[in-house]
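Participant: from the sequence below, what's the structure:
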Amino acid sequence: MGISANVITYTSLIHAFCLAGLWTEAKRTLHLMMEKGISPDVVTFSILIDCLYKTGKVTEAGVVFEVIQKGVDPKTFTYNTLINGLCQVDRLEEAANFFCLIEEKGLKRNVVTYNIMINGYMKHDKIDKANHLFTEKLTHGSPASALSTYQVVLDDLCKNALIDRAIDLYWFLSSANLTIIEVFNILIDGFCRVSKIEAAMKLFESCVGEGSGS
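Facilitator: All right, here's what the predicted structure looks like:
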């Protein structure tokens, strides 16, 4: 046909194999890609890192990141993938190091970066560190952007039945006058998920009393 596969073609195939949990096929495609003289780009490597962490291949993910640094410049989303993987395997200190490294490399942390790191801290009961990052984000960004980060974290905590930590987060938001109807909705849903109906009703009454729906 006269059409040659390029980096996007191979990366799409690798991504499909990773989504299907077919790591061996993904690795084989990567090797084939390189044999054909097509260099993987930062997107290819980010997909591989994500796949490796999700399949428990933590050491291999670190090796892939080292390869990236030697060949291409990692982007913020590459670091986000790496930080997320480290948080998932309880390596928060390493995740925090890469969180700091982003700006040292002249890149900018985005809302996803903060969401991942704050979520990691909250899940491991490091509330003070999570609140410190939230305050940092509030200082350097808009209140709406910072609040969106905590909505994501709050929702994740509730869905994982980590209600006590969700309550701690709610009180932090409340003390900063940052509770909005979406926050109430998430927490009420979380209470209902774990059959804390009385607590859900009290929060609902509080919501109505504050006129949050107006």
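
Participant: does Leu107 count as helix, strand or coil?
Facilitator: Here Leu107 is coil, with the state taken from DSSP: H, G, I helix; E, B strand; the rest coil.

Participant: nearest residue to it other than its sequence neighbours?
Facilitator: Thr76 (5.0 Å; CB to CB, 6 or more residues apart in numbering). Yep, even glycine has a C-beta here, placed from its N, CA and C like the rest.

Participant: how about that neighbour, what does it touch?
Facilitator: Contact analysis of Thr76 by CB atoms under 8 Å, 6 or more residues apart in numbering lists Ile102, Leu107, Lys108, Arg109, Asn110, Thr113.

Participant: likewise Tyr53?
Facilitator: So Tyr53 contacts Ala61, Thr81, Asn84, Gly85, Leu86, Gln88, Val89 (CB under 8 Å, 6+ apart).

Participant: and the gap between it and Gly62?
Facilitator: Distance, Tyr53 to Gly62, by CB to CB, to the nearest Å: 10 Å.

Participant: for Phe45, same thing?
Facilitator: Taken as CB to CB, the span from Phe45 to Gly62 is 12 Å.

Participant: more neighbours: those two, which one.
Facilitator: Neighbours around Phe45 and Gly62, counted as other CB atoms under 10 Å, are more numerous at Phe45. The numbers are 25 against 18.

Participant: can I assume the more buried one is in contact with Ile68?
Facilitator: Yes - between Phe45 and Ile68 there is a contact under CB atoms under 8 Å: 4.7 Å.

Participant: which two of the contacts of Tyr53 lie the greatest distance from each other?
Facilitator: Thr81 and Val89 (13.2 Å; CB to CB).

Participant: any common contacting residues for Phe45 and Ile68?
Facilitator: Pro74, Thr78.

Participant: gap between the two ends of stretch 36-43?
Facilitator: 18 Å (CA to CA, to the nearest Å).

Participant: most neighbours, which of the contacts of Thr76?
Facilitator: Thr113 leads the contacts of Thr76 on contacts (other CB under 10 Å) with 24 neighbours.

Participant: so Ile188, which state does it fall into?
Facilitator: helix.

Participant: which helix or strand contains the nearest residue to it once chain neighbours are set aside?
Facilitator: Distance criterion CB to CB, 6+ apart; nearest residue to Ile188, sequence neighbours excluded, is Ala200 at 4.9 Å. Under the criterion of DSSP states H and E, Ala200 resides in helix 197-210.

Participant: other SSEs contacting that helix?
Facilitator: helix 181-193 (3 or more CB pairs under 8 Å, 6 or more residues apart in numbering; DSSP states H and E).

Participant: buried stuff in the helix or strand where Thr149 lies?
Facilitator: Assigned by DSSP H and E, Thr149 belongs to helix 143-159. Within helix 143-159, the residues that count as buried by 16 or more other CB atoms under 10 Å are 146-158.

Participant: which two from those residues end up farthest apart in space?
Facilitator: Largest separation among the buried residues of helix 143-159 by CB to CB: Ala146 and Cys158, giving 19.1 Å.
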